[in-house]
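Following is a predicted model, sequence given first.
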Amino acid sequence: MLRPSSGFTLIEVLIALVVLAFVATSAQLAIGQYIDQQNHFSTRYKGNWVAWNGAMAVYQQAHWGRGDSTVVVDKNNVFSEEWRITTKRTDTLDNSLQRVEVIAETNADPSTQTSIVLFSVK
């Protein structure tokens, strides 16, 4: 008389391990993508903050009223990172307005460039 088997066969255990490995790999990839996306959003937020602060610094220094076309490059340490802030002022077709563009980017990752364009009255 045969006893009913109690337990799993080797094939069943191997299939369960393959499925578990597939699920663990998928979860690891999803978590890695989520972390990369959060880092990218964080850097973009910081870049936007740095660019707006650069724009306000230009405004406070009364550079907006200048009539010449200039490019000013400044470096600033914010959020423990070195940021390159470029300010471009150009005349517009309307002589009473000036276009001010503030670009902020980290030296480590130029793809995180943030740009703000404002117009000021001369």
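Sure thing, it's come through.

OK, contacts around the spatially most central residue of the chain?
By Cα atoms, centre = their mean, the chain has its centre lying nearest to Arg44, at 2.9 Å. Under the criterion of Cβ atoms under 8 Å, 6 or more residues apart in numbering, the contact partners of Arg44 comprise 112, 114. (Glycine included, C-beta is placed from N, CA and C.)

pLDDT on the helix or strand harbouring it, on average?
Secondary structure assignment for Arg44, by DSSP states H and E: helix 10-60. Here the mean pLDDT over helix 10-60 is 89, rounded to a whole number.

now that helix, how far from the centre of its chain.
In terms of Cα atoms, centre = their mean, to the nearest Å, the centre of helix 10-60 is found 12 Å from the chain centre.

likewise stretch 54-61?
In terms of Cα atoms, centre = their mean, the gap separating the centre of stretch 54-61 from the centre of its chain is 23 Å.
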